[in-house]
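K.L.:
sequence first, predicted model second:
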Amino acid sequence: MDDFLGQMVEPEALTPTDPSQFEKIEEITMLSRDGYRLVKEDKIDEAINAFAKILAIEPANSYALVGLGNCERKKGHYKEALNYYSQCIEYSPENNYALFGLADCYKSLMQYQKAIDIWERYMVHDDKNVTVLTRIADAYRKVRNFENSKRTYERVLEIEADNQYALTGLSLLYYDFKNYRTALESWQKVLSLSKDDVDIRVLTSIGNCYRKMRDFAEGLKYFEKALEKDANNFYALFGIADCYRGTNQQFKSIEYWNKILEQCPNNKVILTRAGDAYRSAGKIDTAIQYYQRALDIEFDLYAVLGMAIIHKQQGNYKVAVEELTPLIQADPGNHRVYLELSECYVKLGQKKEAIEVLQKFTRTGIKNFIVTETLERLKNS
């Protein structure tokens, strides 16, 4: 992007009809050169002043309009930048610098389809620009257009076989669409190109692929490598904790959940996960403290579920029923809630209610083997 932001351009050649025109051309040329030099030097306010002087001389000057757009974009003022780029395109419809800036602003404003439309216009004149092609592919990924995103990333790789931006984008695309095995293969290509300077995000992404594939042992290896690079990396800590959780070694995950909480003490998801880990480790009082901390932030279904499971384990089945019943409305597709509630009714000797709870789940249309098996066992017992 910086190449486009600080691109040095010359004012359009004018055909002078009188001596004063020479002075005008020279002044615009010098201001334009100064403006783009100042952008490169990150002296944005001074650059804005230079470009504004050009517009005072020639209001439709496309180089000044693009320069002002670049300045506002670099400051994060995307709507203001859009205005300058749009003005430029009114006077010069195929100005590549204005088209690029306009599309990048739409991307930053998360208006991805508008960004795609503008970039496609840009590509008419420069169809092998891998920077733009990658941006188009990224935008298609953001709007979940798998086929066009994949096709565009692959087009980049036809031009540059080792383009890491395209390989990274392709990896993220496969991951977003839950094709974890193909995503893993793609991330491995990125890793092989990284050599000794591997990005920590590549390591955590590979770890996440293994985690999603439930190969927790392999996932741990990559998360631990990531942790060697940054001992406080959220994704590495989360990945390790979740891998231990996936292998039913909750007691090992406690250390890592707490390391995350040192950085994010009000993360209710992590508080609930830590509560689950303490509960599994038999540290009930501590588990309740963590669940309550999560609930003090705001309602959390899993914190309430954790509390209810503790009450069920302690034989307080009526209390557990009172806590579990509202959760069905809060998350009608969560089979765990139905199973826990059904088990409480069984313990209370209310077999009919236990069956009705599981039948209610089957009416959602969601298939779950454990629910089906439990329901059949209750019916036949």
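P.N.:
Received it, and whenever you're ready, just let me know what you need. Residues are numbered from 1 along each chain as shown.
K.L.:
okay, now the unreliable bits of the protein?
P.N.:
Within the chain, the ranges that satisfy pLDDT under 70 run 1-20.
K.L.:
and with 50 instead?
P.N.:
Applying pLDDT under 50 to the chain picks out residues 1-15.
K.L.:
got the domain ranges for it?
P.N.:
1-127, 216-298, 300-381 (automatic domain parsing).
K.L.:
mind checking which of the ones you listed is nearest residue 146?
P.N.:
With respect to residue 146, and counting by C-beta to C-beta, the nearest of the domains of the chain is domain 1-127 at 14.0 Å. Where C-beta positions appear, they are placed from N, C-alpha and C, glycine not excepted.
K.L.:
tell me the contacts of residue 372?
P.N.:
Residues in contact with residue 372 (C-beta atoms under 8 Å, 6 or more residues apart in numbering) are residue 362.
K.L.:
okay if I get the domains of the chain as JSON lines plus distance to residue 204?
P.N.:
Below are the domains of the chain laid out as JSON lines (distance: least, C-beta to C-beta, whole Å):
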{"stretch": "domain 1-127", "distance to residue 204": "24"}
{"stretch": "domain 216-298", "distance to residue 204": "4"}
{"stretch": "domain 300-381", "distance to residue 204": "23"}
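K.L.:
quick one: which of those is nearest residue 190?
P.N.:
domain 216-298 (12.6 Å).
K.L.:
check the separation of the first and last residues in that closest one.
P.N.:
With C-alpha to C-alpha, to the nearest Å as the measure, domain 216-298 spans 31 Å from end to end.
K.L.:
quick one: distance of that domain to the chain centre.
P.N.:
Here domain 216-298 is found 21 Å from its chain centre; the criterion is C-alpha atoms, centre = their mean, to the nearest Å.
K.L.:
stretch 302-311 too?
P.N.:
Its chain's C-alpha centre lies 30 Å from the corresponding centre of stretch 302-311 when counted by C-alpha atoms, centre = their mean.
K.L.:
got a list of contacts for it?
P.N.:
For stretch 302-311, contacts defined as C-beta under 8 Å, 6+ apart pick out 268-269, 271-272, 275-276, 279, 284, 287-288, 291-292, 294-295, 317, 319-320, 323-324, 327, 336-337, 340.
K.L.:
narrow these to those in helices?
P.N.:
268-269, 271-272, 275-276, 279, 284, 287-288, 291-292, 294-295, 317, 319-320, 323-324, 327, 336-337, 340 (DSSP state H).
K.L.:
what subset of the residues you listed is buried?
P.N.:
The neighbour count (16 or more other C-beta atoms under 10 Å) marks 268, 271-272, 275-276, 279, 287-288, 291, 294-295, 317, 319-320, 323-324, 327, 336-337, 340 as buried among the ones in helices among the contacts of stretch 302-311.
K.L.:
residue 137 reaches residue 147, doesn't it?
P.N.:
No. Counting by C-beta atoms under 8 Å, residue 137 does not reach residue 147; the two are 11.2 Å apart.
K.L.:
out of those two, which sits in the busier spot?
P.N.:
residue 137 (27 against 8; other C-beta atoms under 10 Å).
K.L.:
where's the more buried one, which helix or strand?
P.N.:
Using DSSP states H and E, residue 137 sits in helix 130-142.
K.L.:
beyond that helix, next helix or strand please.
P.N.:
Reading on from helix 130-142 to the C-terminus, the next helix or strand found by DSSP H and E is helix 146-159.
K.L.:
what does that following helix contact?
P.N.:
128, 130, 133-134, 136-138, 140-141, 163, 165-167, 169-170, 173, 177.
K.L.:
do that again at 6 Å, thanks
P.N.:
If you take C-beta atoms under 6 Å, 6 or more residues apart in numbering as the criterion, helix 146-159 is touched by 128, 130, 133-134, 136-137, 140-141, 163, 166, 169-170, 173, 177.
K.L.:
for it, which positions count as buried?
P.N.:
In helix 146-159, the ones that count as buried by 16+ other C-beta under 10 Å are 149-150, 152-153, 155-157.
K.L.:
can you check stretch 180-191 too?
P.N.:
Across stretch 180-191, burial judged by 16+ other C-beta under 10 Å covers 180, 183-184, 186-187, 189-191.
K.L.:
please apply the same query to stretch 103-116.
P.N.:
Using 16+ other C-beta under 10 Å as the test for burial, stretch 103-116 gives 103-107, 111-112, 114-116.
K.L.:
now those in CSV, with distance to residue 374?
P.N.:
Listed next are those as CSV, based on distance: C-beta to C-beta, whole Å:
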residue, distance to residue 374
103, 54
104, 54
105, 55
106, 51
107, 49
111, 48
112, 44
114, 50
115, 50
116, 48
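K.L.:
could you identify the most distant pair in those?
P.N.:
Greatest spatial distance among the buried residues of stretch 103-116 (C-beta to C-beta): 105 and 116, at 13.3 Å.
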